[in-house]
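Chemist: Please work out how this folds:
(chains A and B)
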Amino acid sequence: MKPTKHIIGATALALALGAAFGSAQADDKVKVGLMLPSTGTYAALGAAITNGFKQFVAENGGKLGGREVEYYAVDDESDPAKATENANKLVKRDKVDVLVGTVHSGVALAMAKVARDNKTLMIVPNAGADELTGPLCAPTLFRSSFTNWQPAYAMGKVAAEKGHKKVVTLTWKYAAGQQSTDGFKEAFEQAGGKVVKEMTLPFPNVEFQPFLTEIAALKPDAVYVFFAGAGAAKFVRDYQAAGLKASIPLYGAGFLTDGTLEAMGDAGKGLLTTLHYADGLDNKKDAAFRLNYAKTYKMQPDVYAVQGYDAAQLYQAGLAAAGGDPSKQEAVIKGMEAAKIDSPRGAFTLSKAHNPVQDVYLRQAEGTQNKVVSTAIKGLADPARGCKM
Amino acid sequence: MDFATFLIQTLNALQYGLLLFLVASGLTLVFGIMGIINLAHGSFYMIGAYLAFVLTSATGSLVLAIVLGIPLALLFGAFLEWLLFSHLYKRDHLEQVLLTYGLILVFEELRSLLVGNDVHGVNIPAFLDASIRLTEVMTYPVYRLAVSAVCVVLAVALYFVIQRTRLGMMIRAGNDDRTMVEALGININMIYRVVFALGVALAALAGMLAAPMSSVFPNMGSQVLIISFVIVVIGGIGSVWGALVAALIVGFADTFGKVLLPEISGMIVYLVMAVVLLWRPEGILKKG
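Modeler: Residues are numbered from 1 along each chain as shown, chains lettered A, B, ... in the order given. I've put the predicted structure just below:
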């Protein structure tokens, strides 16, 4: 008899304690898992997203949904091979309420699977893979950034409006590049233009000379490219050195000139690109955001910081609709779906597939800035092909 | 492809091949002649590029940066050889791989601490900042041609030093039989130090010359490392001429592969390597 009593007593105590701890946790803090790169090529992007996220939380009195925020951070190293394990650390071990990440699309795709399997809410603050809000869309999966299709589609429209008929595209042979050139082609050919040749080279090869020779032989009206980082800087320099910049206009998705203009020097001058953010936007939210960011972090914000900031805003909107309780996931999701986010890039809402319906700007490189020229397309929604939701 | 385009592509291939030779030449010396598997070779290339960036910013001239950079690289190479590599000659390849892989991580971290992670550009010296018109739309940058010329001069100089001088003879002898050379009263340690310093300086010079064309960015060394090993293996380990021939083959395969066979351009270089090794397992020109 005695031992049984003990066991019942102990169990009751454990249950009581567990309940007490459980409710204390629920009342206390909202757990945010940041899975971003803090080492490697994308380290600076990961830092900007984290900064942006934390800036919104600070502006919001250090809270989200009226609760203190507890951060759990994992360096994803932009390594898809480690993505599942890293996501599991946050989702299963730390049991975060929301998973925020990441920059690299391959890593984000693996994260999305872990988050979906565990029914954890996830917000993507950069990775542009069309699939995330396409075939892989899920009620718990949101994005505060863009799809690869969006800026590319806008540039296709701009190129057609400029009267170009024959265009050659060039990119690395990987998903982001392919999705970008496909988006460009779709808009450009809808408007009556023709993509006469689609060229690719293996990632991350940067020996462009054979392609420049090919372009010179084909003499198209314009060239559209998708490159980013060091490869973008090299391509633009080579394009100018080959004498092509003077005779064949070069267009790209905004990543061509984001953070690379200093390295391009003169060759980058005047380049036209499209993106959902730009320097010199005429809106009060952006002015306040930039001032505050520069004060806090002693540097200028970029599109990545904006996307991090908006990820926090988006989650705040969801929590507010759920009375601040992250465990009421359905209410949180409804709140996020209905939110109108007052972003530094300009206000946006979410599409049915949870991707921003946003303005895409045409920008021109000037010094180290991408100055807004015009709004290429207002309220552009990704077609979310393959999303059944 | 019309004839003019074909000629320009041939020029592209030659020019790319010569640049590859420049990067691989240092590796041929260190790997081929000293027998050290130096995975950090790409890091020396990266260090050269960053030296060019830092020194060009400080002095305002790439030429001056190279003039200052080469002695720095030589000293750095000699120092590393004294500190680390001199302990490795009698050990097996695994330990060399471990050490040099560790060095890659150390150099990248130092680079990140000292210069940061941004992409930087380096300006072409004013007297080379011109272009030659080839067709009505296409021009060719003089700087690229100048770099090719430097590569040719270096290839000839290297061949001369190794095949025709007393130092070269001692280097070759040291590779064949280290103990015998020591027994003959030659200071083999000093010779190895010179060769290693030379290898580091060649890699750094390649980085400095490439910096204005490729920009300067994190992990740039890892991109050239693999292709350098491919060239050394195709050419025949230890052969400077072999490395030159192999670099040109790779340059042609890569350039025309991209244009004519874009679907497999990513692996065409490795296909060439496989075919060459089936045909000549020791490489095109065996050590000599």
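Chemist: list the contacts for whichever residue of the stretch 51-200 of chain A sits closest to chain B?
Modeler: Nearest residue of the stretch 51-200 of chain A to chain B, counting by Cβ to the nearest Cβ: residue A:200, 6.2 Å away. In this view, the C-beta of every residue, glycine as well, is placed from N, C-alpha and C. Neighbouring residues of residue A:200 by Cβ atoms under 8 Å, 6 or more residues apart in numbering or on different chains: A:170, A:171, A:172, A:173, A:177, A:178, B:262.
Chemist: Just the closest of those to residue A:311, please.
Modeler: residue A:177 (24.8 Å; Cβ to Cβ).
Chemist: Check which helix or strand the closest one maps to.
Modeler: helix A:175-190 (DSSP states H and E).
Chemist: State the mean pLDDT of the helix or strand that that helix is followed by.
Modeler: Where DSSP H and E defines the elements, the next helix or strand beyond helix A:175-190 is strand A:194-201. Per-residue pLDDT values over strand A:194-201 give a mean of 95.
Chemist: Which neighbouring elements make contact with the helix or strand that strand A:194-201 is followed by?
Modeler: Next in sequence after strand A:194-201, counting helices and strands by DSSP H and E, comes helix A:209-218. Judged by 3 or more Cβ pairs under 8 Å, 6 or more residues apart in numbering or on different chains; DSSP states H and E, helix A:209-218 is in contact with strand A:166-172, strand A:194-201, helix A:229-241, helix B:3-27, helix B:240-260.
Chemist: which stretch among the ones you listed comes nearest residue A:80?
Modeler: Residue A:80 lies closest to strand A:166-172 among those, at 16.1 Å (Cβ to Cβ).
Chemist: Paired strands for the closest one, with orientation please.
Modeler: Applying DSSP bridges, strand A:166-172 is found paired with strand A:194-201 (parallel), strand A:222-226 (parallel).
Chemist: Most tightly packed of the ones you listed?
Modeler: Mean neighbour count (mean count of other Cβ atoms under 10 Å in any protein chain shown) peaks for strand A:222-226 among the strands paired with strand A:166-172, with a mean of 25.
Chemist: check contacts around residue B:95.
Modeler: residue B:88.
Chemist: re the thing from before, return the member of the contacts of residue A:200 nearest to residue B:76.
Modeler: residue A:172 (33.7 Å).
Chemist: Pull up the residues of the stretch 51-200 of chain B that are close to chain A.
Modeler: Taking Cβ under 8 Å from any Cβ of the partner chain as the contact definition, the stretch 51-200 of chain B meets chain A at B:117-121, B:123, B:131, B:133, B:135, B:137-141, B:143-144.
Chemist: Which pair of these spans the longest distance?
Modeler: B:117 and B:135 (38.8 Å).
Chemist: on that earlier part again, pull out the buried members of the contacts of residue A:200.
Modeler: Among these, those buried by neighbour count (16 or more other Cβ atoms under 10 Å in any protein chain shown) are A:170, A:171, A:172, A:173, A:177, A:178, B:262.
Chemist: I'd like those as a markdown table, with pLDDT appended.
Modeler: A markdown table is the format used below for the buried ones among the contacts of residue A:200 (pLDDT from 0 to 100):
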| residue | pLDDT |
| --- | --- |
| A:170 | 97 |
| A:171 | 95 |
| A:172 | 91 |
| A:173 | 88 |
| A:177 | 93 |
| A:178 | 94 |
| B:262 | 85 |
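Chemist: what would those look like in TSV with distance to residue A:213?
Modeler: Converted to TSV, these look like this (distance: Cβ to Cβ, whole Å):
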residue	distance to residue A:213
A:170	12
A:171	18
A:172	18
A:173	19
A:177	20
A:178	23
B:262	14
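Chemist: Now flag whichever of those is closest to residue B:282.
Modeler: residue B:262 (32.4 Å).
Chemist: Pretty sure residue A:197 is one of the things the closest one touches, is it not?
Modeler: No - using Cβ atoms under 8 Å, residue B:262 is not in contact with residue A:197, being 10.0 Å away.
Chemist: and residue B:186, what is it in contact with?
Modeler: Contacts here follow Cβ under 8 Å, 6+ apart; on that basis residue B:186 touches B:170, B:173, B:174.
Chemist: where along the chain do the helices fall?
Modeler: Assuming you mean chain A. Remark: helices assigned in chain A by DSSP state H are A:2-28, A:43-59, A:83-88, A:105-117, A:149-161, A:175-190, A:209-218, A:229-241, A:261-264, A:284-297, A:303-321, A:329-338.
Chemist: not quite, I wanted chain B
Modeler: Using DSSP H, helices in chain B cover B:3-27, B:41-59, B:62-83, B:93-115, B:142-164, B:166-176, B:178-183, B:188-214, B:220-235, B:240-260, B:268-279.
Chemist: Out of the contacts of residue A:200, which comes closest to residue B:109?
Modeler: Of all these, residue B:109 sits closest to residue A:172, with 26.9 Å by Cβ to Cβ.
Chemist: The closest one bridge partners, please.
Modeler: Residues in beta-bridge contact with residue A:172 (DSSP bridges): residue A:201.
Chemist: give the contact list for it.
Modeler: Going by Cβ under 8 Å, 6+ apart, residue A:172 touches A:200, A:201, A:202, A:203, A:204, A:205, A:226, A:227, A:231.
Chemist: From residue B:236, how far off is it?
Modeler: 33 Å (Cβ to Cβ, to the nearest Å).
Chemist: Over to residue A:329?
Modeler: With distances taken as Cβ to Cβ, residue A:329 is found 64 Å from residue B:236.
Chemist: Show me which of those two is the more surrounded one.
Modeler: The residue with more neighbours, out of residue A:329 and residue B:236, is residue B:236; 24 against 18, by other Cβ atoms under 10 Å in any protein chain shown.
Chemist: Contact residues of chain A facing chain B?
Modeler: A:41, A:43-44, A:173, A:199-202, A:204-207, A:209-214, A:216-217, A:219, A:229-230, A:233-234, A:237-238, A:241-244, A:247-248, A:259-260, A:262-265.
Chemist: Buried ones among the residues you listed?
Modeler: Using 16+ other Cβ under 10 Å, the buried ones in the residues of chain A next to chain B are A:41, A:43-44, A:173, A:199-202, A:205-207, A:209-214, A:216-217, A:219, A:229-230, A:233-234, A:237-238, A:241-244, A:248, A:259-260, A:263-265.
Chemist: ok so, going back, can you list the helices and strands that the helix holding residue A:177 packs against?
Modeler: Against helix A:175-190 (3+ Cβ pairs under 8 Å, 6+ apart) you get helix A:149-161, strand A:166-172, strand A:194-201, strand A:222-226.
Chemist: Just put the ones you listed in JSON lines and tack on distance to residue A:374.
Modeler: What follows is the helices and strands packed on helix A:175-190, written out as JSON lines (distance: least, Cβ to Cβ, whole Å):
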{"stretch": "helix A:149-161", "distance to residue A:374": "9"}
{"stretch": "strand A:166-172", "distance to residue A:374": "20"}
{"stretch": "strand A:194-201", "distance to residue A:374": "23"}
{"stretch": "strand A:222-226", "distance to residue A:374": "18"}
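Chemist: which residues touch residue A:126?
Modeler: If you count contacts by Cβ under 8 Å, 6+ apart, then residue A:126 has A:45, A:49, A:102, A:103, A:108, A:145, A:304, A:307 around it.
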